[in-house]
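Student: show me the folded form of this:
(2 chains)
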Amino acid sequence: MGFETFGRVSFTADTKAAAFVDYLAQGKIMATKCKCCGTVNFPPKMDCPSCLNSDVEWVEAPTSGKLLTFSTVRYEPTGFEGDAPYTIAVGEFGDGVRVFSRISKDVNESDIKIGMQLKLAAITLPGGRFSYEFQKA
Amino acid sequence: MSDIAIIGAGQSVFGRKNPVSIRELCFDAYKEAMEGLDISNKDIEASITCSAPEYDKQRTPSGLISEYLELTPKPAFYIETVCSSSTTGLRVAWALIKSGLHNVVAVIGFEKMMELSSKDSMERMGRGADIMWESPFGISMPAGYAMCAQAHMAQYGTTEEQMARIRVKSAFYGAKNPKAYYRKELTVEDVMKSAPVTSPFKTYDTCGNADGSSCVIVASEDIAKKVCKKPIWIAGMGAATDTMSMSGRKSFTSLSCAKEAAAQAYKMAGVTSSDIDVAEVHDCFTISEILAYEDLGFAKPGEGGKLIDEKQTYIDGRIPVNVDGGLLSKGHPVGATGGSQIRTIVRQLRGEAVEAQVKNPEVGLVHNIGGVGQYGNVIILRR
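Tutor: Purely as a prediction, here's the structure:
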């Protein structure tokens, strides 16, 4: 699968990280690890500018974390019609891995609090698209 | 080592109903910048045009603007760092002059945003984020800054009312500025009752898209002293970046690019935050001004809200900030904004800001940010 099936609206087709979407389709959220220095990157990064190395391996990203910040969008950009309100957020998932995603619409807006525990989960979107979201832990 | 001066600064009226093309917009700013100088367009040795190209229909606008202002065959450059483009242009102009390559450089910023709908503008701003990993979730500039606001509220107890007070100050001075787009005074209640955009922002927490242009004429010391009665000296400059991705940020309660740029600029100018007599900061959203107070050292971390509660950033306060109405009231024509901030400080230091003049300022500061804290420029000017 190509990267054009990632997220609600993908702006990228070609990337060395396209396998990320295949993993997502299997319910797995992957990070990359530089085989030279061992740095783990999320979002995945297929090259390591410190080592000048492109030999990276896929490793499962941590899925248990906490909410760092968020905003509930009520006025959505073109391309996201009918989607608002939705809540975008950044969570911290151990070892300094920070993830940008949305908080599941199953979580009431009034229950969203910075510091709350989150679970990172792969999801399938209508139209054969794949993404991940934060769910209540 | 010789100094470098701003010898002229101008801007168009910022607004939403400008029946003019980008070349005509730029002429308005150029005209104001050049008025009163003992030079003509023949003496400008290079031009730097600044805009955010996602809004432009004209490709490579530097050539067009250079032709319209009759600056050809002199070299023309194009610079973009989104909302901080024209202060990045100023940095490049400084370097061109310092190197001895040129003696007089025009920095022209513009944006014609009203040819796009508000939601289409938001979509383009959303692509000013990491398009691979963050734009697919529906991020926009307001939402990115709103995430900073939520973090600041949670960490320091900053309130929506404090943010509203930023807009009340902005509207108070914007009402006096004939070049501002929004010229009505507002109350805290008006702001609090305005329509929600992206939590915690309501409509009045956000600046408006607008058409506009700015122009700054930069010159070497020799030329400046010859052709200009009141040159304003570039005493310090700083520039820095932070990650484009929000997930790459170490902090959401501060913009590290602004802190770093400020530290560089203070060091170069040999001043501290307490020496600043008047400042222009990048208040694209109400929280942005509170972050700026703290990142520039006008307030301690977490105490930016208190500074506006005490009205210390009004004209009679300890450190007047955005007494031209700021981006919130002037409007934010992306590529023109930094030049407009420079113009305000130049007018303040010259004692020409008749609508809202700070008493006898000697040192002024401009803080101009691109994206949600991706690019930070801080400039310190002296009369």
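Student: okay, CA-based contacts and neighbour counts for the rest of this
Tutor: Fine.
Student: burial measure for the residue in chain A that chain B sits nearest to, as a count.
Tutor: The nearest approach of chain A to chain B comes at residue A:73, 4.2 Å away (CA to the nearest CA). When counting by other CA atoms under 10 Å in any protein chain shown, one arrives at 25 neighbours for residue A:73.
Student: which residues does it contact?
Tutor: Taking CA atoms under 8 Å, 6 or more residues apart in numbering or on different chains as the criterion, residue A:73 is in contact with A:84-88, B:143, B:197-199.
Student: check contacts around the residue nearest to it when sequence neighbours are not counted.
Tutor: Distance criterion CA to CA, 6 or more residues apart in numbering or on different chains; nearest residue to residue A:73, sequence neighbours excluded, is residue B:198 at 4.2 Å. Taking CA under 8 Å, 6+ apart as the definition of contact, the neighbours of residue B:198 are A:71-75, B:142-143, B:146.
Student: ok, residue B:269 next?
Tutor: For residue B:269, the residues meeting the contact criterion (CA under 8 Å, 6+ apart) are B:235-237, B:380.
Student: how does it look with 10 Å?
Tutor: Residues touching residue B:269, when contacts are defined by CA atoms under 10 Å, 6 or more residues apart in numbering or on different chains, comprise B:234-237, B:363, B:379-382.
Student: roughly how far does it sit from residue A:68?
Tutor: 36 Å (CA to CA, to the nearest Å).
Student: ok, the closest residue to residue B:159 other than its chain neighbours - contacts?
Tutor: Leaving aside its chain neighbours, residue B:159 sits nearest to residue B:153 (6.2 Å; criterion: CA to CA, 6+ apart). Under the criterion of CA under 10 Å, 6+ apart, the neighbours of residue B:153 are A:114, B:147, B:159-160, B:200, B:253, B:287, B:302, B:305.
Student: between these, which is nearest residue B:167?
Tutor: Proximity of the contacts of residue B:153 to residue B:167, judged by CA to CA, is greatest for residue B:287, which lies at 9.8 Å.
Student: where does the closest one land in three-state SS?
Tutor: Per DSSP: H, G, I helix; E, B strand; the rest coil, the local secondary structure of residue B:287 is helix.
Student: just want the most central residue of chain B.
Tutor: In chain B, the C-alpha nearest the mean C-alpha coordinate belongs to residue B:338, at 3.2 Å (CA atoms, centre = their mean).
Student: tell me which helix or strand of the chain sits lowest on mean pLDDT?
Tutor: Since you didn't name a chain, this refers to chain A. Within chain A, judged by mean pLDDT, DSSP states H and E, the helix or strand with the poorest mean is strand A:40-41; its value is a mean of 94.
Student: wait, chain B was what I had in mind.
Tutor: helix B:118-126 (a mean of 82).
Student: how many residues are close by residue A:20?
Tutor: Once other CA under 10 Å is used to define contacts, residue A:20 is seen to have 23 neighbours.
Student: which residues does residue A:97 contact?
Tutor: Residue A:97 makes contact with A:31, A:40-43, A:61-62, A:65, A:91, B:247-248, according to CA under 10 Å, 6+ apart.
Student: top of those residues by neighbour count?
Tutor: So for the contacts of residue A:97 (other CA under 10 Å), the most neighbours sit at residue A:91, 28 neighbours.
Student: elements contacting the host helix or strand of that one?
Tutor: When secondary structure is defined using DSSP states H and E, the element that contains residue A:91 is strand A:86-92. On a contact count with 3 or more CA pairs under 10 Å, 6 or more residues apart in numbering or on different chains; DSSP states H and E, strand A:86-92 meets strand A:64-73, strand A:98-103, strand A:117-125, strand A:129-136, helix B:141-156, strand B:196-198.
Student: point out the most buried one among these.
Tutor: A comparison of the helices and strands packed on strand A:86-92 by mean neighbour count, using mean count of other CA atoms under 10 Å in any protein chain shown, puts strand A:98-103 on top with a mean of 26.
Student: got the angle for it vs strand A:64-73?
Tutor: Between the axes of strand A:98-103 and strand A:64-73, defined by axes from the mean of the first three to the mean of the last three CA atoms, to 10 degrees, the angle is 60 degrees.
Student: output the contacting helices and strands for strand A:98-103.
Tutor: Based on contacts counted as 3+ CA pairs under 10 Å, 6+ apart, the elements that strand A:98-103 packs against are strand A:64-73, strand A:86-92, strand A:117-125, strand A:129-136.
Student: do that again at 6 Å, thanks
Tutor: Using 3 or more CA pairs under 6 Å, 6 or more residues apart in numbering or on different chains; DSSP states H and E as the contact criterion, the neighbours of strand A:98-103 among helices and strands are strand A:86-92, strand A:129-136.
Student: CSV please, covering those strands and showing mean pLDDT and distance to residue B:171.
Tutor: CSV is the format used below for the helices and strands packed on strand A:98-103 (pLDDT from 0 to 100; distance: least, CA to CA, whole Å):
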stretch, mean pLDDT, distance to residue B:171
strand A:86-92, 98, 30
strand A:129-136, 97, 38
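Student: quick check: which of the ones you listed is nearest to residue B:132?
Tutor: Put simply, out of those the one that sits nearest residue B:132 is strand A:129-136, at 12.1 Å, with distance taken as CA to CA.
Student: other SSEs contacting that closest one?
Tutor: Taking 3+ CA pairs under 6 Å, 6+ apart as the contact cut, strand A:129-136 packs with strand A:98-103, strand A:117-125.
Student: wait, which of those strands is closest to residue B:356?
Tutor: If you check each of these against residue B:356 by CA to CA, strand A:98-103 wins as the nearest, at 42.5 Å.
Student: that closest one pairs with which strands, parallel or anti?
Tutor: Within its sheet, and counting by DSSP bridges, strand A:98-103 is paired with strand A:86-92 (antiparallel), strand A:129-136 (parallel).
Student: can you tell which of those strands is closest to residue B:324?
Tutor: Among the strands paired with strand A:98-103, the nearest to residue B:324 by CA to CA is strand A:86-92 (33.2 Å).
Student: how much does the closest one deviate in direction from strand A:117-125?
Tutor: Using the same axes, to 10 degrees, strand A:86-92 lies at 130 degrees relative to strand A:117-125.
Student: can you give the contact residues for strand A:86-92?
Tutor: Outside of strand A:86-92, the residues that reach it under the criterion CA atoms under 6 Å, 6 or more residues apart in numbering or on different chains are A:65-73, A:98-103.
Student: before we move on, the earlier item: redo the helices and strands packed on strand A:98-103 as JSON lines? Include distance to residue B:219.
Tutor: Rendered in JSON lines, the data for those read as follows (distance: least, CA to CA, whole Å):
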{"stretch": "strand A:86-92", "distance to residue B:219": "45"}
{"stretch": "strand A:129-136", "distance to residue B:219": "53"}
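Student: which residues does the residue nearest to residue B:151 when sequence neighbours are not counted bridge with?
Tutor: Counting by CA to CA, 6+ apart, the nearest residue to residue B:151 once its immediate chain neighbours are dropped is residue A:69, at 5.5 Å. Residues found in beta-bridge contact with residue A:69 (criterion: DSSP bridges) are residue A:90.
Student: residue contacts, residue A:69?
Tutor: A:89-90, A:114, B:147, B:151.
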